[in-house]
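> Got a predicted structure here, sequence first:
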Amino acid sequence: MPFAPSDVILITGGSRGIGRATALACARAGARVAFSYRSDDAAARDTLAACQALTGEDGAIALQADVVEEAQVMALFASTRQRLGPITGVVNNAGIVASSMPLADMSVERLRQVVDTNVLGALLVAREAARALVDHGALVNVSSMASRLGSPNEYVDYAASKGALDTLTIGLSKELGPRGIRVNAVRPGLIETDIHARAGRPERLAELGPGCPLGRAGRPEEVAEAIVWLLSDAASYVTGAFIDPAGGR
Ligand code: NDP
């Protein structure tokens, strides 16, 4: 088992997509699991029931918290500690993509929304992780292959926000290494989740999926496996590193 029963993993944006797959993979791997979501109660209930089927009723909790709101992020960590015990792993996963267009057409409201969620939100979650994690703790940031490819004419704002997360991963790994806390990131390629439909481009999966060396889009579970490994003691000498579950893209 990658995790001990005392391990408590907190995943932001765990109700759907990659976060949901990660919550389930952590539960299956023996950890207790807390996950957050922003507004979709039905998806959160469904994921919670699936997690509790693996952990038992006391082993998984779902908490509503917007990562953009400092007080909600602080309450998320406090509630997790109070209900499940000391937090040993954090997955900084919540993120958004807005609709596809060149930068020249993007409104400042859209830019604020993407930067607030993907940069400010991720920084607030990482800050609370830095405060909460103890020796042997681990943080995994969910970045994107977009940080390397740039997403021209589609989402350069999103790509830039994920570039910031990559830089945070490097800096924080150096800051927290002396405390025995590891900080790593995954940079997924195109993954089959609702994020593409929400950005108004559901056809992106079929259009771009075949264009990588493995010839298909990835499944959320294929990202979750990499996250579980980075969180676990199997990766005890790995920090400041990136795993790219991107089909070779
Ligand atoms: P989904 O849209 O499927 O799920 C997003 C999750 O994040 C939901 O649980 C959602 O909750 C939550 N969320 C969104 N905004 C906030 C917020 N402000 N506060 C708290 N929770 C929030 O996305 P994916 O699973 O596809 O993406 C997860 C991560 O993976 C993101 O960071 C994304 O950038 C990254 N990624 C995804 C790729 C892909 O192709 N799918 C590729 C590369 C990276 P609710 O439903 O309640 O709003």
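Alright, I've got the coordinates.
> need the helices for the protein, in chain order.
17-28, 41-55, 70-84, 108-115, 122-132, 146-149, 156-176, 195-198, 204-208, 220-231 (DSSP state H).
> Can you add mean pLDDT, distance to the ligand and mean neighbour count and give these back as CSV?
For glycine as for every other residue, the C-beta is placed from the backbone atoms N, C-alpha and C. CSV is the format used below for these (pLDDT from 0 to 100; distance: least, CB to the nearest ligand atom, whole Å; neighbours: other CB atoms under 10 Å):
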stretch, mean pLDDT, distance to the ligand, mean neighbour count
helix 17-28, 98, 2, 26
helix 41-55, 98, 6, 17
helix 70-84, 98, 8, 17
helix 108-115, 98, 9, 14
helix 122-132, 98, 8, 20
helix 146-149, 98, 7, 18
helix 156-176, 98, 7, 19
helix 195-198, 94, 3, 16
helix 204-208, 93, 8, 15
helix 220-231, 98, 6, 23
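> In a markdown table, list the ones you listed along with distance to Met1.
Formatted as a markdown table, these follow (distance: least, CB to CB, whole Å):
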| stretch | distance to Met1 |
| --- | --- |
| helix 17-28 | 9 |
| helix 41-55 | 12 |
| helix 70-84 | 17 |
| helix 108-115 | 38 |
| helix 122-132 | 23 |
| helix 146-149 | 32 |
| helix 156-176 | 25 |
| helix 195-198 | 31 |
| helix 204-208 | 33 |
| helix 220-231 | 11 |
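> surely Val67 meets Val119?
No. Between Val67 and Val119 there is no contact under CB atoms under 8 Å: 10.5 Å.
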